[in-house]
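Q: with the sequence up front, the predicted model follows.
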Amino acid sequence: MLKQFQKSAFIPLILMGGILFLWLLTVEYRHNQSLLASNQQLLADATKRSLIHRFEQIFASLPKNYQELQSNWTNYHPSFYWFNHQEQVFPPQATNTESFWGKYWTNVTALLEQPNAKNSEQLSELMQNRIATIRTIESALNNGDNESLRQFIRIFLGHKENYQLSVKEEIVSNLLLLEIDKKNRWSADFVNSVLFEGFQSEQNKIKSVFQLLIENASLFNREDVRRLFEQIEQFAERINLPLDRLRSYRSAILESNFKLTENHCQSELTVGQEFISRQLNTQECILAPIDLMKELNLLHDRLVARGQLNSTDAIVWDLNLLPEDSSQLTLKIDRPSWKAQEQRQQLFMIIKVIILIILVALSIYAVKAIQQRQQRKEKYIQLKEDFVNLVSHELKTPLSSIRLMAETLQKRLSKNLDGKNYPQRIESEADRLWLMVDNILSFNRLQTEQLSISRAKVSLKQLIDDIKETLPYQVIINNNIDSEYVVNVDKPLFNLVLLNLISNAIKYNTNERVELTFESDIHHNEQRIIVTDNGIGIDPKLWQEIFESFFQANTKHKKGFGLGLALSRKVMQLHNGNISIIQSKSEGAPITEPQDNMKEQLPFNTGTQWQLVLH
């Protein structure tokens with residue numbers, strides 16, 4: 001029982017082992033995938049931090065609060081936007097107020113030329129005084145009186161420092177001061193101070209035209225701002241002053257029309273495809289326009305230079321998710337080597353699983369083969385034991401009969417009594433014993449391939465008649481073979497085949513008389529010998545098994561070793577022929593369908609029809 005359990009447990013154990021190894025392979029694959037994903041995430045996080053650091057650098061160059069913006073208003077490039085309560089503070093925007101420039105500038109220039117001009121009453125008293133000072137400066141400038149010129153300029157600057165005019169009046173008076181120089185006699189430093197840099201007194205900073213315009217652009221409409229910028233640019237070009245900052249502010253004020261939406265200023269750092277923004281407090285927000293794809297390309301180049309990325313790597317960002325809080329950014333690194341590594345891991349996993357399946361299948365096959373071999377071995381041992389027992393019994397039976405009949409015959413002869421049929425019976429039992437021994441020896445020689453055949457032409461009718469003479473009287477042989485029918489066979493071996501068929505008909509027969517019929521035919525260059533007996537018949541399911549060694553079809557009539565038909569088939573195969581059953585029937589059972597049309601019906605109530613084919 002334990003041995004049988006051990007045998008039956010091998011395959012489940014192999015399957016369990018295969019499942020265990022498959023689980024280990026899965027764990028290893030997932031671990032490798034996790035490591036690869038971790039490396040990808042680490043590099044993506046490092047890249048994300050570098051990008052956010054770049055954004056922080058942009059904001060570091062911008063004012064931290066509104067006070068800082070106001071104190072350094074014109075020092076900042078108009079490349080960002082400052083909003084207060086959803087309204088744009090920087091760069092300043094022109095409004096839709098009424099234009100003042102044309103009429104006002106005409107009145108001022110007229111007053112400069114004619115002190116008692118009609119429209120002078122429209123100007124403030126301080127503005128009239130400022131114009132009067134400019135008139136004296138113009139007179140000194142035309143007369144070439146440099147000493148007086150310096151004195152009047154100091155008066156002009158003192159007037160600007162001590163008297164606060166309106167923004168419009170301050171801008172116009174400064175431009176008017178430059179306008180009186182028709183021959184470009186002002187120095188570049190003086191013009192630059194008036195237009196851009198301003199003047200620094202001991203106590204205060206006197207603002208320039210540019211500073212006043214930028215800080216107060218909302219007081220002018222777009223047309224006035226455009227004319228003022230043109231006027232400033234005209235004076236700056238006379239002395240070749242740089243105009244980049246001027247033009248950038250003009251573009252920002254006149255052309256920029258940025259609208260703040262709910263997508264902007266969502267958090268401390270919000271990233272969009274075309275901007276980054278920072279919410280300073282509940283009222284103020286700063287926004288810097290960027291080209292995100294350009295920034296990503298620059299970041300890629302910097303990381304490649306540092307060795308953090310390969311030149312074939314790509315920074316991937318789902319732009320459809322923008323704008324988004326910087327803490328929620330979903331940035332990925334597309335690295336071809338990672339894809340190749342992932343594909344290799346998948347391929348190795350598939351190969352390992354296939355190898356595992358093959359190994360498990362081979363192991364199961366090997367176990368089954370070993371089990372089948374062991375079963376065959378055990379069956380062989382059992383067959384051997386049965387064969388020994390059978391041989392002992394089968395050989396003992398005729399020997400006992402021979403001895404008993406010999407003793408009886410001896411007693412009768414010693415008393416001068418008739419010997420009856422004891423000599424014939426002794427001879428019959430001896431023949432039976434001889435056939436058994438001959439079958440065993442011939443089968444053994446066939447199994448070890450020690451038996452060779454020597455074919456010769458033999459008269460089949462004569463061969464059957466010779467066998468008929470050795471049979472007991474209760475066996476009837478109907479020899480319907482033509483006297484000229486010749487077969488090319490090994491006579492002793494073929495004689496053994498016929499004897500086995502006759503012996504089976506005798507052993508497996510319940511009739512009072514055993515009867516066999518021999519017929520012949522030639523079909524397509526094949527010699528066919530039909531042997532029909534009146535035995536007990538054979539179940540069609542066993543028609544192939546009966547030709548196996550030691551197989552006996554009828555356990556109720558178990559006689560012999562089960563070697564006769566197996567030996568007969570091997571002999572026929574040595575002759576390049578075969579032996580088979582055409583049809584068979586038993587008492588009370590239907591007639592089985594014949595395998596060919598040679599015989600339509602058995603001539604007996606029960607029996608089997610055999611076919612021997614020779615080539």
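A: That came through, no problem. Remember, it's a predicted structure, so these values are computed and weren't measured experimentally.

Q: in the lengthiest strand in the chain, what counts as buried?
A: Secondary structure of the chain per DSSP state E: the longest strand is strand 514-523. For strand 514-523, the neighbour count (16 or more other CB atoms under 10 Å) marks 514-520 as buried. All C-beta spots, glycine's among them, are computed from the backbone N, C-alpha and C.

Q: next: stretch 287-301.
A: 287-288, 290, 292, 295-296, 299-300.

Q: out of these, the closest to Phe59 would be?
A: Ala288 (7.0 Å; CB to CB).

Q: ok, that closest one touching Phe59?
A: Yes: look at Ala288 against Phe59 with CB atoms under 8 Å: they come within range, at 7.0 Å.

Q: what do the two both touch?
A: Ile276 (CB atoms under 8 Å, 6 or more residues apart in numbering).

Q: picking that back up, which one of the buried residues of strand 514-523 is nearest Ile402?
A: For the buried residues of strand 514-523, the minimum distance to Ile402 (CB to CB) is 21.5 Å, reached by Val514.

Q: tell me the bridge partners for the closest one.
A: Val475 (DSSP bridges).

Q: OK, contacts around it?
A: Applying CB under 8 Å, 6+ apart to Val514 gives the contacts 474-476, 505-506, 533-535.

Q: can you redo those residues as JSON lines with distance to Glu526?
A: Below are those laid out as JSON lines (distance: CB to CB, whole Å):
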{"residue": "Gln474", "distance to Glu526": "34"}
{"residue": "Val475", "distance to Glu526": "29"}
{"residue": "Ile476", "distance to Glu526": "28"}
{"residue": "Ala505", "distance to Glu526": "24"}
{"residue": "Ile506", "distance to Glu526": "28"}
{"residue": "Asp533", "distance to Glu526": "22"}
{"residue": "Asn534", "distance to Glu526": "26"}
{"residue": "Gly535", "distance to Glu526": "26"}
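
Q: which of these sits closest to Glu230?
A: Gly535 (133.5 Å).

Q: what does that closest one show for phi and psi?
A: Phi and psi for Gly535, reported as degrees, to the nearest 10, are phi -70, psi -170.

Q: same deal with Thr261?
A: Dihedral pair for Thr261: phi -120, psi 180, per degrees, to the nearest 10.

Q: what is the burial count for it?
A: Residues within reach of Thr261, counting by other CB atoms under 10 Å, total 10.

Q: against Phe275, how distant is it?
A: Distance of Thr261 to Phe275, given as CB to CB, to the nearest Å: 10 Å.

Q: same question for Ser452.
A: 103 Å.

Q: ok, those two, which is more surrounded?
A: Ranked by neighbour count (other CB under 10 Å), Ser452 and Phe275 place Phe275 first, with 21 against 8.

Q: separation between the more buried one and Trp23?
A: Distance, Phe275 to Trp23, using CB to CB: 52 Å.

Q: next: Ala406.
A: Ala406 is 78 Å from Trp23, by CB to CB.

Q: these two: which is more packed in?
A: Ala406 (13 against 10).

Q: A strand includes the more buried one, no?
A: No: using DSSP: H, G, I helix; E, B strand; the rest coil, the assignment for Ala406 is helix, not a strand.

Q: pretty sure it contacts Leu413?
A: No: at 10.5 Å, Ala406 does not count as touching Leu413 under the criterion of CB under 8 Å.

Q: quick check: Leu20 is in a helix.
A: Yes: under three-state DSSP, Leu20 falls within a helix.

Q: Thr606 versus that one, what's the distance?
A: 61 Å.

Q: neighbour-wise, which of these two wins?
A: Thr606 (20 against 10).

Q: check contacts around the more buried one.
A: Thr606 makes contact with 511, 534-537, 585-587, according to CB under 8 Å, 6+ apart.

Q: narrow the residues you listed to those in strands?
A: Lys585.

Q: what about burial for the contacts of Thr606, which qualify?
A: Buried residues within those, counting neighbours by 16+ other CB under 10 Å: 511, 534-537, 585-586.

Q: may I see those organised as JSON lines, with distance to Leu178 added?
A: Converted to JSON lines, these look like this (distance: CB to CB, whole Å):
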{"residue": "Asn511", "distance to Leu178": "151"}
{"residue": "Asn534", "distance to Leu178": "148"}
{"residue": "Gly535", "distance to Leu178": "144"}
{"residue": "Ile536", "distance to Leu178": "142"}
{"residue": "Gly537", "distance to Leu178": "139"}
{"residue": "Lys585", "distance to Leu178": "139"}
{"residue": "Ser586", "distance to Leu178": "139"}
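
Q: would you check which pair of those lies furthest apart?
A: Greatest spatial distance among those (CB to CB): Asn511 and Lys585, at 13.7 Å.

Q: in the stretch 501-615 of the chain, which spans are strands?
A: 514-523, 526-533, 578-585, 607-614 (DSSP state E, counting those that start in this stretch).

Q: return the distance of the first one from the chain's centre.
A: If I follow you right, that is strand 514-523. Distance of strand 514-523 from its chain centroid, counting by CA atoms, centre = their mean, to the nearest Å, is 70 Å.

Q: same thing with stretch 505-518?
A: Once both centres are worked out by CA atoms, centre = their mean, stretch 505-518 turns out to sit 73 Å from its chain's centre.

Q: okay, that stretch in CSV with CA atoms only?
A: Output of stretch 505-518 as CSV, limited to C-alpha atoms (Å, rounded to 0.1, in the frame of the first residue of the first chain):
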residue,chain,number,x,y,z
ALA,A,505,-9.8,-26.4,-32.1
ILE,A,506,-9.4,-29.6,-30.0
LYS,A,507,-8.8,-27.8,-26.7
TYR,A,508,-11.6,-25.2,-27.0
ASN,A,509,-14.4,-27.4,-28.2
THR,A,510,-17.6,-28.7,-26.6
ASN,A,511,-18.8,-30.9,-29.5
GLU,A,512,-18.6,-34.7,-29.4
ARG,A,513,-16.4,-34.6,-32.5
VAL,A,514,-13.9,-32.0,-33.5
GLU,A,515,-14.1,-31.0,-37.1
LEU,A,516,-11.9,-28.7,-39.2
THR,A,517,-12.1,-27.7,-42.9
PHE,A,518,-9.1,-26.6,-45.0
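
Q: average model confidence for that stretch?
A: Stretch 505-518 carries an average pLDDT of 89.

Q: what's the answer for stretch 51-60, then?
A: pLDDT averaged over stretch 51-60 gives 85.

Q: quick check: buried residues in that stretch?
A: Neighbour counts using 16+ other CB under 10 Å place 51-52, 54-55, 59 of stretch 51-60 among the buried residues.

Q: what of stretch 210-224?
A: 210-222, 224.

Q: any idea of the mean pLDDT in it?
A: What stretch 210-224 shows for mean pLDDT is 84.

Q: give me the distance from it to the chain's centre.
A: With CA atoms, centre = their mean, you get 65 Å for stretch 210-224.

Q: about what we covered before: out of the buried residues of stretch 287-301, who's nearest Phe199?
A: Closest to Phe199, out of all of these and judged by CB to CB, is Ala288, at 32.4 Å.
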